[in-house]
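Asks: heads up, no residue letters with this:
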């Protein structure tokens with residue numbers, strides 16, 4: 001069950017990171033290969049930050065050890 005929840009959390013953080021990256025790159029008007037590279041890097045950074053924030057929050061609430 002734990003692995004299943006981890007996979008859901010990874011998918012959620014990845015999706016949220018992709019959405020944030022898409023919003024940022026679209027707002028800047030970047031297109032083409034440069035826009036795709038910026039979106040990939042921004043999405044990975046945002047997904048990692050979402051994961052770190054989620055883990056910190058769950059540990060702070062005592063739900064993770």
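Replies: Received, thanks. In this text the structure is predicted, and so the values were computed from the model without any measurement.
Asks: Going by residue numbers, what spans are helices in the protein?
Replies: 2-28, 32-60 (DSSP state H).
Asks: start to end distance for stretch 19-36?
Replies: Separation of the first and last residues of stretch 19-36 by C-alpha to C-alpha, to the nearest Å is 13 Å.
Asks: which outside residues touch it?
Replies: The contact list for stretch 19-36, computed with C-beta atoms under 8 Å, 6 or more residues apart in numbering, reads 38, 39, 40, 42, 43, 46. C-beta here means a position set from N, CA and C on the backbone, and glycine is covered the same way.
Asks: Switch those over to TSV; also include distance to residue 7.
Replies: What follows is the contacts of stretch 19-36, written out as TSV (distance: C-beta to C-beta, whole Å):
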residue	distance to residue 7
38	27
39	23
40	21
42	23
43	18
46	19
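Asks: ok, of those, which come out buried?
Replies: Neighbour-count burial (16 or more other C-beta atoms under 10 Å) is assigned, among those, to 39, 42, 43, 46.
Asks: and the second one, what does it touch?
Replies: Applying C-beta under 8 Å, 6+ apart, we find residue 42 in contact with 17, 20, 21, 24, 25.
Asks: center of this structure - which residue?
Replies: Ranked by distance to the mean C-alpha position of the chain (C-alpha atoms, centre = their mean), the top residue is residue 47 at 1.7 Å.
Asks: For residue 2, see how far away the closest residue to that one other than its chain neighbours is.
Replies: Distances taken as C-beta to C-beta, 6 or more residues apart in numbering place residue 17 nearest to residue 47, at 2.9 Å, with adjacent residues excluded. The gap separating residue 17 from residue 2 is 22 Å, by C-beta to C-beta, to the nearest Å.
Asks: more neighbours, the two?
Replies: It is residue 17, of residue 17 and residue 2, that has more neighbours when counted by other C-beta atoms under 10 Å, with 20 against 6.
Asks: Test my guess that that one contacts residue 52.
Replies: No - using C-beta atoms under 8 Å as the test, residue 17 is too far from residue 52 to be in contact (11.6 Å).
Asks: hmm, back to that, now render the helices of the chain as a markdown table, adding mean pLDDT.
Replies: Output for these, formatted as a markdown table (pLDDT from 0 to 100):
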| stretch | mean pLDDT |
| --- | --- |
| helix 2-28 | 95 |
| helix 32-60 | 96 |
